[in-house]
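*Asks:* here is my input; please provide its structure:
(4 chains)
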2 protein chains.
Amino acid sequence: MSADRQPEHGEATAHIAELLRDAIIRGDFAPGARVRQGQVAELTGASRAPVREALRMLAAEGLVTLVANSGARVSSLSLTECEEIYRVRERVEPLLLQMSAPGLDAASLDRLGALAEQMAETADPEEFLALDRAFHLGTYAGADTVVLTDLVHRLWNRTQAYRRVYTGLMDDGARRTVHDEHRLIVAAIRDGELDSAESLLAGHIRRTRRQLASHPEVFASLPASLATFARRSA
Amino acid sequence: MSADRQPEHGEATAHIAELLRDAIIRGDFAPGARVRQGQVAELTGASRAPVREALRMLAAEGLVTLVANSGARVSSLSLTECEEIYRVRERVEPLLLQMSAPGLDAASLDRLGALAEQMAETADPEEFLALDRAFHLGTYAGADTVVLTDLVHRLWNRTQAYRRVYTGLMDDGARRTVHDEHRLIVAAIRDGELDSAESLLAGHIRRTRRQLASHPEVFASLPASLATFARRSA
DNA sequence: ATAGGCAGTATTGGATCCAATGACAAGACA
DNA sequence: TGTCTTGTCATTGGATCCAATACTGCCTAT
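*Replies:* So this is what the prediction gives:
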């Protein structure tokens, strides 16, 4: 974390948004958790005005759900919605990979390979999660796209909480397949086999989606208080 | 414009955002045009606070670009960025069509066919633009997806201004091809040939992207004052 | 005992106010 | 003449204040 520098004028909102976004991705708030403007304001030392603006940003990113006169909650996904996101990723990430691969030099590929190995060795789900994210987003770092990169990051952010839960449920076989696929993807990029890298990645995401769909209990973890909320916003 | 109902508490921001969004899509503001908070506030009768929140939303949607201590401008795209969006659409819209097609009944298909015919008959670029949008988004109306539908709408919104300019430059041959493709798409949906509909649509978008790329002058229309702006935000 | 209503409180939505920054124009100087 | 300074003004950013709404707990009545 960068040291908390003195607040520069005109950056409060961005700062708060980043703070909240990181907290949600890190899992500090579970899906459905209420986010009170006053709390965040006092936590960051700012007033509620920039907090409200930050919440609007996060809402547009899908990380938070706003209900008028009621407040903000960390967005939760149904299994159906999550599958939807994975289907989009299936189509979009291979494209991004294709645009990124030529921009990855040997050093980057070595780093990606190292990430894949680290991942194969860890038993800690939280570390697995972090490495997996670093790996995939790392394979996209060579692209100088704007819209596409941003889109993919947002899709990852929205599903992070559920990937976290699922990661804890994976058996050794599933883990092993993931590692194999990762290694194959790196090899394909290294060999300039872009088509093959694309279809490997599409298969990787598709398989993950199916695995996730076979664990609906991941999405059953909604606190009871949320039933009302979901009903209201529907 | 819908009648200005009495302002309900908790809807000012959403109202303003919708207003601005529609205005940008309609072309009331050109890309690069400055959007002053005070102006919008006074125009809508609200204070600047909800205006600022609305601008944050639009910024997250990519319709507006915010620069700290400087203000908001209607986002402008480079040819490269526009092509990027089209490439994403190429991958994502066929998926959405596939999920929508089963939900379209005979009446909807008739309406879509009628839109295609109307489009073939009009000579007015602005009407062509509106009908084209209505047609394509209409083919997606059968999907009960959330994320995907929203994504596609946003991609359309961001490119609308450039599609408007390009529409005025199309020659008869280009128009004719568009109409043919539209009719084929409707026919494929009607026949339940989803794969064929998908690839027709992908080809339709790809072809449009290439046509657009052959008219770089569409993107040269940036007012001079914007050079500074673009430089600063880079 | 439980459902419904009522009051008090917490929280959000919006308006107003002031500070900080940037934009612009007129003038000084090389 | 062109450029740099400098001062004024317009605009944005943020804080505070008040109104509107929702939530909570208690009380009452059946």
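
*Asks:* number of nearby residues for A:Ala141?
*Replies:* Around A:Ala141 sit 14 other residues, with neighbours defined as other C-beta atoms under 10 Å in any protein chain shown. (Each C-beta comes from the backbone N, C-alpha and C, glycine too.)

*Asks:* now swap in A:Pro94 and tell me
*Replies:* 22.

*Asks:* go on, A:Ala33?
*Replies:* Around A:Ala33 there are 15 residues (other C-beta under 10 Å).

*Asks:* my guess is it contacts A:Val74, does it?
*Replies:* Yes. In this structure A:Ala33 lies within contact range of A:Val74 using C-beta atoms under 8 Å: 4.8 Å.

*Asks:* now stretch A:96-114: how far from the chain's centre is it?
*Replies:* Computed by C-alpha atoms, centre = their mean, to the nearest Å, the chain-centroid distance of stretch A:96-114 equals 20 Å.

*Asks:* what comes into contact with it?
*Replies:* With C-beta atoms under 8 Å, 6 or more residues apart in numbering or on different chains as the test, stretch A:96-114 has contacts from A:135, A:138-145, A:148-149, A:152, A:183, A:185-186, A:189-190, A:192, A:194, A:197-198, A:201.

*Asks:* quick one, which of the residues you listed are buried?
*Replies:* For the contacts of stretch A:96-114, a neighbour count by 16 or more other C-beta atoms under 10 Å in any protein chain shown gives the buried set as A:135, A:138-140, A:142-143, A:145, A:148-149, A:152, A:185-186, A:189-190, A:194, A:197-198, A:201.

*Asks:* give me the below-cutoff pLDDT ranges for chain A.
*Replies:* A:1-7, A:221-234 (pLDDT under 70).

*Asks:* again, only using 90
*Replies:* A:1-10, A:220-234 (pLDDT under 90).

*Asks:* show me what from it comes close to DNA strand D.
*Replies:* A:7, A:9-13, A:45-50, A:53, A:69-70 (C-beta under 7 Å from any atom of the strand).

*Asks:* nearest to DNA strand C, of these?
*Replies:* In terms of C-beta to the nearest atom of the strand, no member of the residues of chain A next to DNA strand D lies closer to DNA strand C than A:His9, at 3.6 Å.

*Asks:* quick one: residues contacting A:His153.
*Replies:* A:Leu137.

*Asks:* what about the strands in chain A?
*Replies:* With DSSP state E as the criterion, chain A has strands at A:34-35, A:64-67, A:71-74.

*Asks:* partner strands of the first one and their direction?
*Replies:* By that I understand strand A:34-35. With DSSP bridges as the test, strand A:34-35 is paired with strand A:71-74 (antiparallel).

*Asks:* the partner strand: which residues count as buried?
*Replies:* Here strand A:71-74 shows A:72-74 as buried, counting by 16+ other C-beta under 10 Å.

*Asks:* with stretch A:157-177 instead?
*Replies:* A:157-167, A:170, A:175.

*Asks:* gap between that stretch and the chain center?
*Replies:* The answer for stretch A:157-177 is 12 Å, by C-alpha atoms, centre = their mean.

*Asks:* pull the CA atoms of it into PDB?
*Replies:* Listed next in PDB are the C-alpha coordinates belonging to stretch A:157-177 (Å, rounded to 0.1, in the frame of the first residue of the first chain):
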ATOM      1  CA  ASN A 157     -13.500  -7.800  -9.800                       C
ATOM      2  CA  ARG A 158     -17.200  -8.600  -9.800                       C
ATOM      3  CA  THR A 159     -16.700 -12.300  -9.500                       C
ATOM      4  CA  GLN A 160     -13.700 -12.200  -7.100                       C
ATOM      5  CA  ALA A 161     -15.800 -12.900  -3.900                       C
ATOM      6  CA  TYR A 162     -17.200 -16.100  -5.500                       C
ATOM      7  CA  ARG A 163     -13.900 -17.200  -6.900                       C
ATOM      8  CA  ARG A 164     -12.600 -16.900  -3.300                       C
ATOM      9  CA  VAL A 165     -15.300 -19.200  -1.900                       C
ATOM     10  CA  TYR A 166     -14.900 -21.700  -4.700                       C
ATOM     11  CA  THR A 167     -11.200 -21.800  -4.400                       C
ATOM     12  CA  GLY A 168     -11.600 -23.300  -0.900                       C
ATOM     13  CA  LEU A 169     -13.700 -26.100  -2.300                       C
ATOM     14  CA  MET A 170     -11.400 -27.200  -5.100                       C
ATOM     15  CA  ASP A 171     -10.200 -30.800  -4.900                       C
ATOM     16  CA  ASP A 172      -6.700 -31.800  -6.000                       C
ATOM     17  CA  GLY A 173      -7.800 -33.000  -9.400                       C
ATOM     18  CA  ALA A 174      -9.400 -29.600 -10.200                       C
ATOM     19  CA  ARG A 175      -6.300 -27.800  -9.000                       C
ATOM     20  CA  ARG A 176      -4.000 -30.000 -11.100                       C
ATOM     21  CA  THR A 177      -6.000 -29.300 -14.200                       C
END
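
*Asks:* neighbouring contacts of that stretch?
*Replies:* Residues from elsewhere that reach stretch A:157-177, judged by C-beta under 8 Å, 6+ apart: A:21, A:24-25, A:27, A:30-31, A:61-63, A:74-77, A:82, A:85-86, A:120, A:125-126, A:128-129, A:132-133, A:178, A:207, A:211-212, A:215, A:218-219, A:221, B:147.

*Asks:* pull out the buried members of those.
*Replies:* Buried among those by 16+ other C-beta under 10 Å: A:21, A:24-25, A:31, A:61-63, A:74-77, A:82, A:85-86, A:120, A:128-129, A:132-133, A:178, A:211-212, A:218-219, B:147.

*Asks:* next step: the contacts of stretch A:96-114 restricted to helices.
*Replies:* When the contacts of stretch A:96-114 are checked against helices (DSSP state H), the matches are A:135, A:138-139, A:148-149, A:152, A:183, A:185-186, A:189-190, A:194, A:197-198, A:201.

*Asks:* just flag the most distant two among these.
*Replies:* The span of these, defined through C-beta to C-beta, is set by A:Leu148 and A:Arg183 at 24.8 Å.

*Asks:* could you measure from the residue nearest to A:Asp144 when sequence neighbours are not counted over to DNA strand C?
*Replies:* Distance criterion C-beta to C-beta, 6 or more residues apart in numbering or on different chains; nearest residue to A:Asp144, sequence neighbours excluded, is A:Gly103 at 6.8 Å. As for A:Gly103, its distance to DNA strand C is 32 Å (criterion: C-beta to the nearest atom of the strand, to the nearest Å).

*Asks:* and A:Gly103, how many neighbours?
*Replies:* By other C-beta under 10 Å, 12 other residues sit near A:Gly103.

*Asks:* now do the same end-to-end measure for stretch A:139-150.
*Replies:* Terminal residues of stretch A:139-150 lie 14 Å apart, using C-alpha to C-alpha, to the nearest Å.

*Asks:* if I look at the residue lying closest to A:Ile25 once chain neighbours are set aside, how far off is DNA strand D?
*Replies:* The shortest distance from A:Ile25 to any non-neighbouring residue, by C-beta to C-beta, 6+ apart, is to A:Gln160 (5.1 Å). Plainly put, A:Gln160 is 26 Å away from DNA strand D if you go by C-beta to the nearest atom of the strand.
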